[in-house]
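[1] below is the sequence, then the predicted model.
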Amino acid sequence: MPLDACPGRAAPARCATPARRAARLAALSLGVVVVQIDVTVVNVALDQIQGLMQGGVAALQWVVNGYTLAFASLLLTGGALGDRFGARRLYLTGFALFTLASLACGLAPTGTVLIAARVAQGLGGALLMPCSLALVAHAYHDPGERMRAIGIWAGAGGMAMVAGPVVGGVLVALFGWRSIFLINLPIGAVGLWLTLRFTTETEGRHKRALDLPGQVLAIVALVALTGSIIEGEPLGWSHPLVLGGVALFLLSGIGFLLVESRSAAPMMPLGLFRHPVFSAVSLIGFLLNAGYYGSTFLLSLYFQGPLGLSPLLTGLAFVPMTGLIAVINVFAGRVAARHGARLPMVSGLCVAVAGFAALALALTPATDYGGLWWTLLLIGCGTALTVPPMTAALLATVDRARSGIASGVLNSLRQTGGAIGVAVLGAIGGGGMSVDGMRLAMALSGGVLVFALLAAVIWVRKPAVTSSDHR
């Protein structure tokens, strides 16, 4: 009997046994696992990857952001495709593409090929991530149960973040940097089998049109902005290419907003932002990822540069930042299910701000790792407290039929924040080689989270009320 076969006319999602429901959640969580492993493993391997690249820190930023930009700019289309053709079908497609692109990364003969393969990974992640969350939301009808499931889903990503640096450090030390991408192959094979065996398709809306003009303008805007920031330091901020990139960003960004406001089927329905909780959570996600991704990029270079840590020790150095994420994700989901999203979000952001402030103060030319680890613990715990209730609060503002596009908007803005964070903090922090630059970068990370905290306090006052009237 298939996984969700039910007697009579019972709804499959409601009559599946606990074991089968657990298998389904595991299948959907593995997609998050490969995405999060890829992010953390790459940071550990940056020092070795630099030998393949030409262009110093800017080239390494493209290795990180080639993936992140493709992920961010295509997430909205990934969610829309899932809504149109079925989330399961697109989840499988994205998972397969991500796995094959990981193989290409592991075999890349040049830096250019590596960056191109990273872009393909981003495309696969953009298809699987929103569809994964949409399938979770579709499988759980009770709001409290859905909140707990999202906590477990996010916790799986947290576990990957814990394992990624350590496993990556071991792999890099024993087999070199290429092995960090090849680790995705067995995970991808298991994830694809579980998805085929233990999930069911959502109902697609086949008449929904795709917003190709909006998609093109979004890609141009994000690449132009991030590229200008990355290349501003090596080329000079007054260089014609940098100024041209900023101008292109402004023009394409304005064009994107105009297209989305007039489109009958926009990839980013601007009406969603009329809900104050949706707008606040989107801003919080953007700022949180900017600080977190940018700081981990810099810290990985700082650990292997001025502190002289090996790849393995660098992986272990991130454990305080990631070690409790999985546990706290689940705890945060349960707290949000009982008390609403505001309490864990505000608490988490307060802890993260304190961690970044402490890190900025602790960094001195004489500081060793022993004086820093506890600040990383605060940053990691604060982030873990914030993410699950943030995601659940946003999904509660839309009806279940639009969960794919809503999660795509949130994740797109989060990944955009991550890409901009890597570009901005990488430029400010001097590639992890300048203590003064590092202190400024960490202070800036804490500063932007103060704005996120204010947004949570002011706008996320009550559990979000589901609304289906946003275009």
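    Structure's in. What do you need? Numbers count the residues shown, from 1 in each chain.
[2] give the closest residue to the residue nearest in space to the middle of the chain in space, chain neighbours not counted.
    The structure's the chain has its C-alpha centroid closest to residue 415; by Cα atoms, centre = their mean the separation is 5.1 Å. Spatial nearest neighbour of residue 415, excluding adjacent residues (Cβ to Cβ, 6 or more residues apart in numbering): residue 72 at 3.5 Å. C-betas here are computed from N, CA, C, even on glycine.
[3] what do you get for residue 460?
    According to Cβ to Cβ, 6+ apart, the nearest residue to residue 460 is residue 342 (4.6 Å).
[4] below-threshold pLDDT in the stretch 201-350 of the chain: ranges please.
    Within the stretch 201-350 of the chain, the set of residues satisfying pLDDT under 70 comprises 202-209, 326.
[5] following the helix or strand harbouring the residue nearest to residue 415, which helix or strand comes up?
    Per DSSP states H and E: residue 72 is located in helix 56-85. The first helix or strand that comes after helix 56-85 along the chain, using DSSP H and E, is helix 87-107.
[6] sorry, back to before: hmm, residue 71 and the residue nearest to the centre of the chain touching each other?
    Yes: here residue 415 lies in contact with residue 71, judged by Cβ atoms under 8 Å, at a distance of 4.8 Å.
[7] what is in contact with the two at once?
    Shared contacts of residue 415 and residue 71 (Cβ atoms under 8 Å, 6 or more residues apart in numbering): none.
[8] from residue 160, how far off is the residue nearest to the centre of the chain?
    Summarising the geometry, the distance separating residue 415 from residue 160, computed by Cβ to Cβ, to the nearest Å, is 16 Å.
[9] same check, this time on residue 299
    As judged by Cβ to Cβ, residue 299 and residue 160 stand 18 Å apart.
[10] same thing with residue 411?
    Using Cβ to Cβ, one gets 16 Å for the distance from residue 411 to residue 160.
[11] assign residue 52 to helix, strand or coil.
    For residue 52, the assignment made with DSSP: H, G, I helix; E, B strand; the rest coil gives coil.
[12] for the residue lying closest to residue 376 once chain neighbours are set aside, phi and psi?
    Here the nearest residue to residue 376 in space, its sequence neighbours aside, is residue 321; by Cβ to Cβ, 6+ apart that works out to 3.9 Å. Torsion angles at residue 321 (phi, psi; degrees, to the nearest 10) stand at phi -80, psi -30.
[13] give the contact list for residue 321.
    Counting by Cβ under 8 Å, 6+ apart, residue 321 touches 296, 376, 377, 379, 380.
[14] which of those residues are buried, as a ChimeraX select command?
    Below is the selection syntax for ChimeraX that covers the buried ones among the contacts of residue 321, with 16 or more other Cβ atoms under 10 Å defining burial:
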select :296,376,377,379,380
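[15] mind listing what residue 223 touches?
    If you count contacts by Cβ under 8 Å, 6+ apart, residue 223 has them with 69, 73.
[16] one more time with 10 Å
    When contacts are counted by Cβ atoms under 10 Å, 6 or more residues apart in numbering, residue 223 touches 65, 66, 69, 70, 73, 245, 248, 249, 252, 419.
[17] for it, helix, strand, or coil?
    Judged by three-state DSSP, the three-state class of residue 223 is helix.
[18] now residue 415
    What three-state DSSP gives for residue 415 is helix.
[19] residue 67 is in contact with that one, correct?
    Yes: in this structure, residue 415 sits in contact with residue 67. The criterion is Cβ atoms under 10 Å, and the distance is 9.2 Å.
[20] hey, what's in contact with both of these two?
    With Cβ under 10 Å, 6+ apart, residue 415 and residue 67 have common neighbours 35, 39, 122, 125.
[21] now the helices for the stretch 201-350 of the chain?
    With DSSP state H, counting those that start in this stretch, the ranges of helices along the stretch 201-350 of the chain come out as 212-235, 240-262, 276-304, 311-317, 319-322, 325-339, 342-362.
[22] run the angle between the third one and helix 56-85 for me.
    By that I understand helix 276-304. Counting by axes from the mean of the first three to the mean of the last three Cα atoms, to 10 degrees, helix 276-304 lies at 150 degrees to helix 56-85.
[23] same question, the first one
    Between the axis of helix 212-235 and that of helix 56-85 there is an angle of 170 degrees, by the same axes, to 10 degrees.
[24] can you pull the buried residues of helix 212-235?
    213-215, 217-233.
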